[in-house]
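In: Quick check, what structure comes out for this input:
(2 chains)
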Amino acid sequence: EAQVTQNPRYLITVTGKKLTVTCSQNMNHEYMSWYRQDPGLGLRQIYYSMNVEVTDKGDVPEGYKVSRKEKRNFPLILESPSPNQTSLYFCASSRRGGSYEQYFGPGTRLTVT
Amino acid sequence: AQSVTQLGSHVSVSEGALVLLRCNYSSSVPPYLFWYVQYPNQGLQLLLKYTSAATLVKGINGFEAEFKKSETSFHLTKPSAHMSDAAEYFCAVRTDQGGSEKLVFGKGTKLTVNP
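Out: Numbers count the residues shown, from 1 in each chain, chains lettered A, B, ... in the order given. Have a look, this model is predicted:
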C-alpha cells in the first residue's frame, strides 16, 4: 500500500530535550515536506526537500532541522524544543512536476511543556 | 506569489442540505488547485484537483468544484450533506517560488453537519 508513515504519532516532552520525528514514504517520491498545523493558521511549511541531499527552508523553519540521506526518509529534528513548537506536524511527499499532488502522513501531535 | 483565501472558518449545514465551501486564489499563472479534507485525528486526504483540463472537477465522496478564472474562485460543493462529511477542508494552490515547488494552503473551513 502506498503510504507516508510518521513516528511517533503522539509525543509529550520537556523544553530543551532533543527529539526526532521520523517520516518515511514508499512511493519513490522525489519531493518531501514538513508542515505544522495550528488552529486558525492552516498548514505552514517548515522545510522541504527536492531530492536526496537537497533541502531548503519553508515558511517557518526556525527551531527545526531536517536531513535527507535516503530518498524514502525525511526526519524532522528539534534540537531544543520550546513550548511554541507544540503543534500537529505532517509529513508529505509527491513526485516532482506534473500536478504535484501531495500525499500526507497521519500526523504527529507534539506537546512541549 | 500564489495564495488562497477560504471564506468562512466555520460552516454549518443540515443533513441533506447543499454544502458550499468557498476558496479564492491569487495566481499570476494558470494554477493547479486542490481541495483536501481532514477528518478528526487523521491526516489530509485529497478530495479533488484542478490541473487546467475540465473546469468542473469531480472528486471523491460526491464532492465537486468549479474553476472560474473570471472570479479567481474554486468553490467546493456537494448537493446533499451527510453526517460523515463533518471535517475540516483545505484549499491549496501549487506555487513555484525560486525554483522550488510547494503547496500553499488556506486556513481551512470546518464543516459541521447537523442532524
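In: okay, and for chain B, where does confidence drop off?
Out: For chain B, applying pLDDT under 70 flags the ranges B:97-100.
In: so what does the lengthiest strand in it touch, helix or strand wise?
Out: Criterion DSSP state E: the longest strand present in chain B is strand B:87-97. If you count contacts as 3 or more C-beta pairs under 8 Å, 6 or more residues apart in numbering or on different chains; DSSP states H and E, strand B:87-97 packs onto strand B:3-7, strand B:19-26, strand B:33-38, strand B:73-78, strand B:100-105, strand B:109-114. C-betas here are computed from N, CA, C, even on glycine.
In: Out of the ones you listed, indicate the one that is most buried.
Out: strand B:33-38 (a mean of 24; mean count of other C-beta atoms under 10 Å in any protein chain shown).
In: so that one versus strand B:19-26, what angle?
Out: 130 degrees (axes from the mean of the first three to the mean of the last three C-alpha atoms, to 10 degrees).
In: what residues does the helix or strand just after strand B:33-38 touch?
Out: Once strand B:33-38 ends, the next helix or strand along the chain (criterion: DSSP states H and E) is strand B:44-50. If you take C-beta atoms under 8 Å, 6 or more residues apart in numbering or on different chains as the criterion, strand B:44-50 is touched by A:43, A:90, A:92, A:99, A:101-104, B:31-39, B:57-61, B:63-65, B:67, B:74, B:76, B:89-90.
In: partners of strand B:44-50 in the sheet?
Out: strand B:33-38 (antiparallel) (DSSP bridges).
In: which bits of chain B sit near chain A?
Out: Proximity of chain B to chain A, by C-beta under 8 Å from any C-beta of the partner chain, involves residues B:9, B:32, B:34, B:36, B:41-46, B:49, B:51, B:90, B:94, B:100-103, B:105-108.
In: if we go to 10 Å?
Out: Where chain B comes near chain A, counting by C-beta under 10 Å from any C-beta of the partner chain, the residues are B:4, B:6, B:9, B:32, B:34, B:36, B:38, B:41-46, B:49-53, B:88, B:90-92, B:94-96, B:98-108, B:110.
In: Could you double-check that residue A:90 sits in contact with residue A:23?
Out: Yes - assessed by C-beta atoms under 10 Å, residue A:90 is found in contact with residue A:23 at 9.0 Å.
In: Now list whatever residues contact both of these two.
Out: Each of A:4, A:6, A:33, A:34, A:105, A:108 lies in contact with both residue A:90 and residue A:23 under the rule C-beta atoms under 10 Å, 6 or more residues apart in numbering or on different chains.
In: can you list the weak-confidence ranges in chain A?
Out: Using pLDDT under 70, chain A drops low at A:98-99.
In: So what does the one residue sitting closest to the centre of it have for phi and psi?
Out: What sits nearest the mean C-alpha location of chain A, by C-alpha atoms, centre = their mean, is residue A:34, with 2.9 Å. Backbone geometry at residue A:34, expressed as degrees, to the nearest 10, gives phi -120, psi 140.
In: before we move on, what about residue B:61?
Out: Taking degrees, to the nearest 10, you get phi 60, psi 30 for the backbone angles of residue B:61.
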